[in-house]
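> I would like the atomic coordinates for the input below:
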Amino acid sequence: MSTRAHTSQQAAARAATSGGLRVAAVQMASGPSVSANLTEAEVLLKLAAKQGAKLVVLPEYFAILGLKDTDKVAVREQPGEGQIQAFLSKTAKKLGIWIVGGSVPLWTEDPAKVRNSTLVFDDLGRQVARYDKIHLFGFEMGTETYREEATITPGDEVVVFDSPFGRIGLAICYDLRFPELFRRMQPVDLIIVPAAFTETTGRAHWETLVRARAIENLAYVIASAQGGFHRNGRETHGDSMIVDPWGIVLDRLPRGSGIVVADIDHDYKARLRQGLPALSHRVLA
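The predicted structure follows:
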């Protein structure tokens, strides 16, 4: 297991001057062992907490990226029960931070499928929000084929909730391609997008999509990604980043395991929205 801290000079300087709320995104290259993935996630969560982050986002499939797509079905959990959820709750309480569990495979009525669910735990270890991924990834190009609908039951609810960090909207990975989802979140201050973008699609579109969602919603975006080669032969793009409402990348990690850190400055966001009141200028709402 290789782990490294990553905090850009730009992010560090901003954190020192903004007086905002510090947040972090974790990047991993998860494998088929749930216990091994949770061990690495704990190291990275502790690293983020040590650097002052009060809200930390784990990537999609942080707990398992199996040798086969069906491996996640074998470890799916009932809501409120199971190893993965217990880890998130216990670690959030122990470190005194909010943790966004990028995605957890949860029970659904179909025995061959899961709900791909983002779970949010507060600093007391209580689950305060759940989002089930709505848009399921399908892709065929060359030798690459992905059909999430074969193992995932989609959600159908937009999830936005209030927190000490502002009003938060939740999305997962492929959701980034559907801007109407993010419009439905309004009003929203902070958008969280855990992901496992493929290298092919990520290289072409990841940064553009993440920054576009920040710009068009004048909101912060925390995009926590899988980034590297996986034991199943899959390659994910990485490039976890935190983007401000003007579309500026505050911190990023191109590849490998580690964290990115930045501060959320609501006064700065308010000034941008006052100077460019695009959200109030919408006509085709």
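> buried ones in the helix ranked longest in the chain?
Using DSSP state H to define each element, the chain has its longest helix at helix 34-50. Using 16 or more other C-beta atoms under 10 Å as the burial criterion, the residues of helix 34-50 that qualify are 34, 37, 38, 40, 41, 44, 45, 47, 48, 49. Glycine gets a C-beta too; all of them are placed from N, C-alpha and C.
> give me the contacts around the helix or strand following it.
Once the chain leaves helix 34-50, the next helix or strand it forms, by DSSP states H and E, is strand 55-57. Taking contacts as C-beta atoms under 8 Å, 6 or more residues apart in numbering, the residues outside strand 55-57 that touch it are 21-26, 45, 48-49, 97-100, 102, 163, 165, 192, 194, 222, 224, 259.
> restricted to strands, list those.
Counted as lying in strands by DSSP state E, out of the contacts of strand 55-57, are 21-26, 98-100, 102, 163, 192, 194, 222, 224, 259.
> among those residues, which one lies nearest to residue 136?
Checking these against residue 136 with C-beta to C-beta, the nearest one is residue 194 at 15.1 Å.
> and the angle from the longest helix of the chain to strand 21-27?
Regarding helix 34-50 and strand 21-27, their directions subtend 150 degrees when assessed with axes from the mean of the first three to the mean of the last three C-alpha atoms, to 10 degrees.
> what about the strands in the stretch 1-150 of the chain?
For the stretch 1-150 of the chain, the strands identified by DSSP state E, counting those that start in this stretch occupy 21-27, 55-57, 98-106, 115-121, 127-132, 138-141, 144-147, in order along the chain.
> how about a markdown table for the ones you listed, with mean pLDDT and distance to residue 283 added?
Listed next are those as a markdown table, based on pLDDT from 0 to 100; distance: least, C-beta to C-beta, whole Å:
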| stretch | mean pLDDT | distance to residue 283 |
| --- | --- | --- |
| strand 21-27 | 97 | 33 |
| strand 55-57 | 98 | 33 |
| strand 98-106 | 98 | 33 |
| strand 115-121 | 98 | 32 |
| strand 127-132 | 98 | 29 |
| strand 138-141 | 86 | 32 |
| strand 144-147 | 82 | 36 |
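> can you tell me which of those strands is nearest to residue 187?
For the strands of the stretch 1-150 of the chain, proximity to residue 187 was assessed by C-beta to C-beta; strand 127-132 is nearest, at 16.3 Å.
> direction included, what does the closest one pair against?
Paired neighbours of strand 127-132 in the sheet (DSSP bridges): strand 115-121 (antiparallel).
> no further queries at this time; thank you.
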